[in-house]
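**Q** predicted model follows, preceded by the sequence.
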Amino acid sequence: MRRSSAARYVGGVLLLALAYYGTAKLAQSLRFTASVSAIWPPAGLGIGALYLWGIRWWPGIFVGELLVNGELLGGNNGLPLGSLIGQQTGNMAEIVVGALLLRRLIGRRAALDRTEQVAGLLLALGTATAISATVGTVSMLAGDVITASEAPNFWRTWWLGDSAGGLVALPLLITWVRAPVEAWRRLATWEGALLLVTVAVLAVLSVSINESVTYMVFPALIWAAFRFGPPTAALSVAIAAGIAIGMTAGEMGAFFKHPIDDRVLATQLYIAVAALTALFLSAVVSERKHSTSELLEARTHEGERALEERHRIARELHDSVSQALFSTVLQTRTAQKVLEREEISVAGPIGRALRSIGELTRAAQSEMRALIFELGNDAVSDGFVEGLRRHAVTIGGHNGLIIDVEGPDHRVPLSPRVETQLFGIGREALSNVIKHARASRVTVVVEDRLGRVFVEISDDGRGFDPSAERPGHYGLESMRSRAAEIGGLLTITSIRDRGTVVRVEAPLEAERRRDGA
C-alpha cells in the first residue's frame, strides 16, 4: 500500500515537472529575443498546482526548473552557474509563497466569482512575482550578466512577465480544475463556439492593424464575462494573449513596431489589462447572480416561515378564542332557559340583552371560523382567482351579499408573491364593501392579457368621494401599498349612490422574471 502511494506521488511529481517544463518551452518558443519572453506562464502553472493540490508537490516544480535551467546552462546564453542557482531559488520562492498567499487570501476552494477573490489573487501574484524578479535581478547583477543601469528595466520586464503569465495561466487552471464538466457544458453550445471564434478573430485584428484598435478584443472578453462566467473568461484571455504573443514573436502586429523594450512592455500591459478586465467583470456578474439567487431563497424561506406562523395562529385561535365563543353561546342559551323556567319575560331588558349577546357572539363565531380557515389554509394554493372565489362564498353567505367572481379557467401565471398581494387587495376591497358600501351585489373580474393582469371589483353601493379620503380610510392605503410592492397601479372610481370600482393592474411576465418563476 505504501509502495503504491509512493509510486503515485513520484508519478505526480514527474507529471507536474513535465507540465512545467512544457509550459516553459512554449513560453521560450514565443520569446522576442534569446533572453526575453513577454510572459512566463510557468509561474501561474506552478502557483496554481501547489494552491490546488498542496505544497507537498513542490519537487515537481523544482525538477521542472532544473530541466529549464539545465538547457540555459548548456546553451548559448552563457549564464553563470551562480546566476542560474539564484534564478531557480527565486522562482521556487515565487511559487511556494504565491501558493501560500493564495490559500490565505482567497481560501482553498475559490471559484474567482467574487471581486475580493480576484483582488486576493492579484495581491498574491504581484507579491510572489516581485520576489522572483528581485532575486533574479540580484543574481544577474552578481554574475555580471546585466549592468546596474540595466537593472530597473530588467526587474520590470521580469516582474511584468511573470505577473502577466500568472494572470493568464493561474485563473485558467483554478476555474477549470474546480468544475471542468460544468464549465465545458456552458461553453459547448453554438453561442460558446461563436464566442471563441469571435475572440480569436478580434484578437488577430486588434494586434495586426495598428495601435488605435489594439483593444478591439475587449467586447468579446466582456461577452465571455457576462454570458459564461470566470472559466470561459479566463479561456478567452488565454486565447487573446497567445495570439498577441505569437504574432509579435513572429514579427507581425502592432507591438512588433516598437523597440524591443517597448515591445515587451506594450505586450505585457495589453495582456495584464485584458486579463484583469475580464476577471473583475466576470466576478461582478457572478456576484450579482449569487445575490439574486440568495434573495430569492430568502424570500422563499420567509414565505415558508410566514405560512408556518399563520398555521400556528390558526391552531391557537381554534383552541382558545373559538372555544371561548362557543362556550359563550352555550352559556347565553342556558341563561335564556333559566329565564323561561323562572317565568321571566324574555322581552324584558335581561332577555333582550341575552338575545343581543347571543347574536353578537354567533356573528363573531362566524367571522372567527372564516379567519381560522383562511389562516389555516393557503388562500392562493390553487391560484388567487380560486382563492377569491372561496373567500367570496364565505363572506357573501355570512353577510347576505351576492358576490360574482369571473376569471379565466386556467391559473394566471404569476409568482406566489404577486398572487398573494392581489388576493390581499381583493379581500380588502370586499371587506370595505361589506363594512361601508351597503351594497347588494359585487362583481369581481380577473383578466390576463397583453402581458398584464387586471383585477376589477365593482359594487352597487352608496359610493363615496375618493378625493376626500383620509390616510388609512377604507383600507385604501393598504391596497395601494400592496399594488406598489408588485409594480402595479391601483385606481378607484366612485359615484354617490351608484357604486364604486376598484381596479388594479400589474405586470405579468416582468414579475415572473423578477421572482424567478
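**A** Yes, it's here. All values derive from a computational prediction rather than experimental measurement. Residues are numbered from 1 along each chain as shown.
**Q** next one: the biggest helix by length in the chain to chain centre, how far?
**A** Once the chain is assigned using DSSP state H, the helix that runs over the most residues is helix 260-319. Centroid separation for helix 260-319 versus its chain: 3 Å, with Cα atoms, centre = their mean, to the nearest Å.
**Q** tell me the helices and strands packed up against it.
**A** helix 115-142, helix 151-178, helix 218-228, helix 230-249, helix 349-376, helix 416-432 (3 or more Cβ pairs under 8 Å, 6 or more residues apart in numbering; DSSP states H and E). Glycine gets a C-beta too; all of them are placed from N, C-alpha and C.
**Q** tell me the angle that helix makes with helix 416-432.
**A** With axes from the mean of the first three to the mean of the last three Cα atoms, to 10 degrees applied, the angle from helix 260-319 to helix 416-432 works out at 40 degrees.
**Q** burial of Glu182, as a residue count?
**A** Burial measure for Glu182: 12 neighbouring residues, criterion other Cβ atoms under 10 Å.
**Q** same check on Ala483?
**A** 21.
**Q** and if you look at Leu18?
**A** Neighbours of Leu18 (other Cβ under 10 Å): 14.
**Q** re the thing from before, what's the closest of the helices and strands packed on helix 260-319 to Glu316?
**A** Shortest distance between Glu316 and these, using Cβ to Cβ, is found for helix 349-376: 9.7 Å.
**Q** following the closest one, which helix or strand shows up next?
**A** Next along the chain after helix 349-376, taking DSSP states H and E as the criterion, comes helix 384-399.
**Q** pull out the buried positions in that next one.
**A** Of the residues in helix 384-399, Phe384, Val385, Glu386, Gly387, Leu388, Arg389, His391, Ala392, Thr394, Ile395, Gly396 count as buried by neighbour count, 16 or more other Cβ atoms under 10 Å.
**Q** and for stretch 441-449?
**A** Val442, Thr443, Val444, Val446, Asp448.
**Q** would you check that the last one makes contact with Pro408?
**A** So the one you mean is Asp448. Yes: using Cβ atoms under 8 Å, Asp448 is in contact with Pro408, at 6.3 Å.
**Q** centre of the chain to stretch 492-501, how far?
**A** Distance of stretch 492-501 from its chain centroid, counting by Cα atoms, centre = their mean, is 46 Å.
**Q** actually, stretch 313-326.
**A** 44 Å.
**Q** and it, which residues are buried?
**A** Buried, per 16+ other Cβ under 10 Å, within stretch 313-326: Ala314, Leu317, His318, Ser322, Leu325.
**Q** in CSV: these, plus pLDDT and distance to Ile243.
**A** Below are these laid out as CSV (pLDDT from 0 to 100; distance: Cβ to Cβ, whole Å):
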residue, pLDDT, distance to Ile243
Ala314, 71, 67
Leu317, 72, 72
His318, 67, 73
Ser322, 71, 77
Leu325, 75, 81
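**Q** on that earlier part again, okay, the buried residues of stretch 441-449 in CSV with distance to Ile271 next?
**A** Below are these laid out as CSV (distance: Cβ to Cβ, whole Å):
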residue, distance to Ile271
Val442, 70
Thr443, 69
Val444, 65
Val446, 59
Asp448, 53
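**Q** can you give me the strands in the stretch 401-517 of the chain?
**A** Under the criterion DSSP state E, counting those that start in this stretch, the stretch 401-517 of the chain contains strands at 402-406, 441-449, 452-459, 489-495, 499-507.
**Q** related to what we said a few turns ago, which one in the buried residues of stretch 441-449 is the model shakiest on?
**A** Across the buried residues of stretch 441-449, the bottom pLDDT score, 87, is held by Asp448.
**Q** where are the low-confidence patches of the stretch 201-350 of the chain?
**A** In the predicted model of the stretch 201-350 of the chain, residues 209-213, 248-264, 296, 299-300, 303-304, 307, 311, 318-319, 343-347 satisfy pLDDT under 70.
**Q** save the buried residues of stretch 313-326 as JSON lines, and put in distance to Ala169 too.
**A** Listed next are the buried residues of stretch 313-326 as JSON lines, based on distance: Cβ to Cβ, whole Å:
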{"residue": "Ala314", "distance to Ala169": "61"}
{"residue": "Leu317", "distance to Ala169": "65"}
{"residue": "His318", "distance to Ala169": "67"}
{"residue": "Ser322", "distance to Ala169": "71"}
{"residue": "Leu325", "distance to Ala169": "75"}
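**Q** now for the residues you listed: which two are most distant?
**A** Maximum pairwise distance among the buried residues of stretch 313-326 (Cβ to Cβ): 14.9 Å, between Ala314 and Leu325.
**Q** returning to that earlier point: tell me which of the strands of the stretch 401-517 of the chain sits most buried.
**A** Most buried of the strands of the stretch 401-517 of the chain, by mean neighbour count (mean count of other Cβ atoms under 10 Å): strand 452-459, with a mean of 22.
**Q** which outside residues touch that strand?
**A** With contacts defined as Cβ atoms under 8 Å, 6 or more residues apart in numbering, strand 452-459 is touched by 412, 414, 418, 422, 425-426, 429-430, 433, 437, 439, 441-448, 499-508.
**Q** returning to what we had before: just want the angle from the helix or strand just after the longest helix of the chain to helix 260-319.
**A** On the C-terminal side of helix 260-319, the closest following helix or strand by DSSP H and E is helix 321-341. Interaxial angle, helix 321-341 versus helix 260-319 (the same axes, to 10 degrees): 20 degrees.
**Q** distance from the chain centre to helix 321-341, please.
**A** Distance of helix 321-341 from its chain centroid, counting by Cα atoms, centre = their mean, is 60 Å.
**Q** which parts of that helix are buried?
**A** Ser322, Leu325, Thr328, Thr332, Gln336.
**Q** and the nearest residue to Ile243 once chain neighbours are set aside, what does it touch?
**A** Residue nearest to Ile243 in three dimensions, not counting chain neighbours: Ala203, with 4.2 Å by Cβ to Cβ, 6 or more residues apart in numbering. Contact analysis of Ala203 by Cβ under 8 Å, 6+ apart lists Val217, Ala220, Ile239, Ala240, Ile243, Ala244.
**Q** as JSON lines, these with distance to Arg3 and neighbour count would be great.
**A** As requested, those are arranged in JSON lines below (distance: Cβ to Cβ, whole Å; neighbours: other Cβ atoms under 10 Å):
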{"residue": "Val217", "distance to Arg3": "51", "neighbour count": "29"}
{"residue": "Ala220", "distance to Arg3": "50", "neighbour count": "24"}
{"residue": "Ile239", "distance to Arg3": "43", "neighbour count": "18"}
{"residue": "Ala240", "distance to Arg3": "46", "neighbour count": "28"}
{"residue": "Ile243", "distance to Arg3": "46", "neighbour count": "22"}
{"residue": "Ala244", "distance to Arg3": "47", "neighbour count": "28"}
